[in-house]
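> Just the structure for this:
(one chain, ligands or ions: 6)
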Amino acid sequence: MAAFFAAVLFLLVLSPIITVYSLNQAVYSSTSAYNCKSYTVPLRNISAPSFNLTFEIKTQWDITDWTINEARRDSATAFNGIAGPSTVAGDFDISARFCTPSKLTERAETVLVMTHGAGGDKTYWDPTFAGGEQYSLVQAALAAGYSVFHYDRLGAGQSTKADPHSVVQFPIQVEILALLTQLLLAPSSPYTLNVSIASAVHFGYSYGSFITAALASKYPELTQAISLTGYSGIFDYFNIFIAGWQSRVATLLDSTRWGDLRTGYVTPVDIYADAYSQFKSPYFDHSVVEWASSGRSPYAIGELATLGQMPYDTSNFNKPVQVFQGHYDLAACGGNCDSVLNRTALLWPKASPLNITGTFPAGHAVNLHHNASLAFAAMLDFVKRNIKVAGNLLFDPA
Ligand SMILES: *[C@@H]1O[C@H](CO)[C@@H](O)[C@H](O)[C@H]1NC(C)=O
Ligand SMILES: *[C@@H]1O[C@H](CO)[C@@H](O)[C@H](O)[C@H]1NC(C)=O
Ligand SMILES: *[C@@H]1O[C@H](CO)[C@@H](O)[C@H](O)[C@H]1NC(C)=O
Ligand SMILES: *[C@@H]1O[C@H](CO)[C@@H](O)[C@H](O)[C@H]1NC(C)=O
Ligand SMILES: *[C@@H]1O[C@H](CO)[C@@H](O)[C@H](O)[C@H]1NC(C)=O
Ligand SMILES: *[C@@H]1O[C@H](CO)[C@@H](O)[C@H](O)[C@H]1NC(C)=O
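Numbers count the residues shown, from 1 in each chain. Ligands and ions are numbered 1, 2, ... in the order given. Okay, the predicted model is just below:
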């Protein structure tokens, strides 16, 4: 299918704030090592392929039955929830944050573009609780010299909460990631604190990994390498994940917190359902799940319904691919990645190099487990080894 996106306004809105990085005042005081800018990217008249769904989630009964349909052992043939193909178009505001080291080296010309999973938002990459920096891939990447862009996907965090059935679906998330990448790579981009970005490396977590894999398949020219976590590319274990996730209509579950969301936005029923799907004892601190759960951003039902409906062919991507897996990942590996990830390798036959690791002691949310710094070192080592810096121009002449 062709690309449908069109006009993009290069406008900065909502009074972009230039901030000194100050997650932890004690560590990052006024002599900050990083510069960051939070902004909204207005995407206008964006269009993408979409799907009409056969169902609508209005009540807790609806989402409970949907869970059964997705979890039953024959769900692949008995239920797909798709009525037929369509297209979607609209204006969307994407909330994002760009950071770059204060002391620029050539590495800063490479931006690491990070796409979060379903049910979370961009803070997955840069946790905001006290002590959260040990779980921050953003800070690890900045310390290694790279620029970083992370954003709230459509329907999540501070980004537009579009129709959760017909609009917030898989294909448009892929188009949005492609557009954002183009904006970062554009000459004199208003989104990069005047750093001239020469190349992008894409990081994904969970649903964000599928989006990243699709971007690499459809727009290989936009990325130099990809690094995926919470991903095997295998759907065999999706049902035990869906079953235990126990989604509920967010606005009916907690109207104080989510009263402004339409009923197609759903969320795990409680903190333990969150822990079930993303964490593995004893490799995490409960306080981290408390933070993650308190910051939940309900996901659009259209996203899960359309994941896998539009095939993206990963078999021709010939750039570096890393899959860094928590050994006990439930959704991707059924709780044990042994003998699963060799099938993942078959999905990326031309990746060069292909580096798949499935031994790290963690569940799905690798970044939020103990020793995350070791995982970050492996991820950033992969980038360092496989990405050449352009080595020319650091700043826009303008
Ligand atoms: C929106 O994009 C479509 C193509 O996808 C185009 O036909 C249409 O003219 C555009 N509308 C505006 C207002 O730019
Ligand atoms: C999809 O929905 C749109 C809008 O309701 C409708 O015009 C179109 O005919 C539908 N397509 C299919 C295949 O059901
Ligand atoms: C970027 O460059 C422009 C033009 O030189 C300047 O006005 C602006 O302050 C710079 N922005 C930053 C964040 O350095
Ligand atoms: C993956 O490894 C397991 C265990 O070694 C083996 O049984 C299985 O056949 C392998 N699958 C593929 C696709 O190589
Ligand atoms: C991983 O974290 C645990 C708990 O913090 C610690 O006891 C262990 O030594 C760490 N392992 C490594 C290899 O650093
Ligand atoms: C794959 O990554 C691991 C962990 O970073 C590293 O030790 C190993 O050398 C890499 N293998 C290849 C073939 O690049």
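> What segments of the stretch 151-300 of the chain are strands?
Here the stretch 151-300 of the chain has its strands, by DSSP state E, counting those that start in this stretch, at 199-205, 225-229, 247-249, 265-268, 299-300.
> Tell me which of those strands sits nearest to ligand 3.
strand 199-205 (19.7 Å; C-beta to the nearest ligand atom). Glycine gets a C-beta too; all of them are placed from N, C-alpha and C.
> what about the closest one, average pLDDT?
On average, the pLDDT along strand 199-205 is 98.
> now stretch 269-289
Averaging pLDDT along stretch 269-289 yields 97.
> List the buried residues in that stretch.
Residues Ala273, Asp274, Ala275, Tyr276, Ser277, Gln278, Phe279, Lys280, Tyr283, Phe284, Val288, Val289 are the ones in stretch 269-289 that count as buried (16 or more other C-beta atoms under 10 Å).
> before we move on, what about stretch 374-382?
Within stretch 374-382, the residues scored as buried using 16+ other C-beta under 10 Å are Ala375, Phe376, Met379, Leu380, Phe382.
> thinking again about what came up before, for ligand 6, state which of the buried residues of stretch 269-289 is nearest.
Using C-beta to the nearest ligand atom, the buried residues of stretch 269-289 come closest to ligand 6 at Tyr283, 18.1 Å.
> who touches the closest one in this structure?
Residues in contact with Tyr283 (C-beta atoms under 8 Å, 6 or more residues apart in numbering) are Tyr328, Pro361, Ala362, Gly363, His369, His370, Asn371.
> In a markdown table: those, plus pLDDT, distance to Asn386 and neighbour count.
Shown next, in a markdown table, are the contacts of Tyr283 (pLDDT from 0 to 100; distance: C-beta to C-beta, whole Å; neighbours: other C-beta atoms under 10 Å):
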| residue | pLDDT | distance to Asn386 | neighbour count |
| --- | --- | --- | --- |
| Tyr328 | 98 | 27 | 21 |
| Pro361 | 98 | 25 | 17 |
| Ala362 | 98 | 23 | 27 |
| Gly363 | 98 | 27 | 26 |
| His369 | 98 | 25 | 23 |
| His370 | 98 | 27 | 16 |
| Asn371 | 97 | 23 | 14 |
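> Going by distance to Ser227, which of those wins?
Of all the contacts of Tyr283, Ser227 sits closest to Ala362, with 15.3 Å by C-beta to C-beta.
> Please report how far that closest one lies from Ile242.
Separation of Ala362 from Ile242 (C-beta to C-beta, to the nearest Å): 21 Å.
> can you list the strands of the stretch 151-300 of the chain in a markdown table and add distance to Tyr312 and mean neighbour count?
Listed next are those as a markdown table, based on distance: least, C-beta to C-beta, whole Å; neighbours: other C-beta atoms under 10 Å:
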| stretch | distance to Tyr312 | mean neighbour count |
| --- | --- | --- |
| strand 199-205 | 13 | 25 |
| strand 225-229 | 12 | 27 |
| strand 247-249 | 25 | 23 |
| strand 265-268 | 25 | 26 |
| strand 299-300 | 19 | 28 |
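> those strands in the stretch 1-150 of the chain, which residues are they?
Secondary structure of the stretch 1-150 of the chain (DSSP E, counting those that start in this stretch): strands at 13-20, 34-53, 82-101, 110-115, 147-151.
> Paired strands for the last one, with orientation please.
When you say that, I think you mean strand 147-151. strand 82-101 (antiparallel), strand 110-115 (parallel) (DSSP bridges).
> Next one: stretch 186-198, is it in contact with ligand 3?
Yes: against ligand 3, stretch 186-198 shows contacts by C-beta under 6 Å from any ligand atom at Leu193, Asn194.
> Would you mind finding the most buried of the strands paired with strand 147-151?
Greatest average neighbour count among these goes to strand 110-115 (a mean of 26), per mean count of other C-beta atoms under 10 Å.
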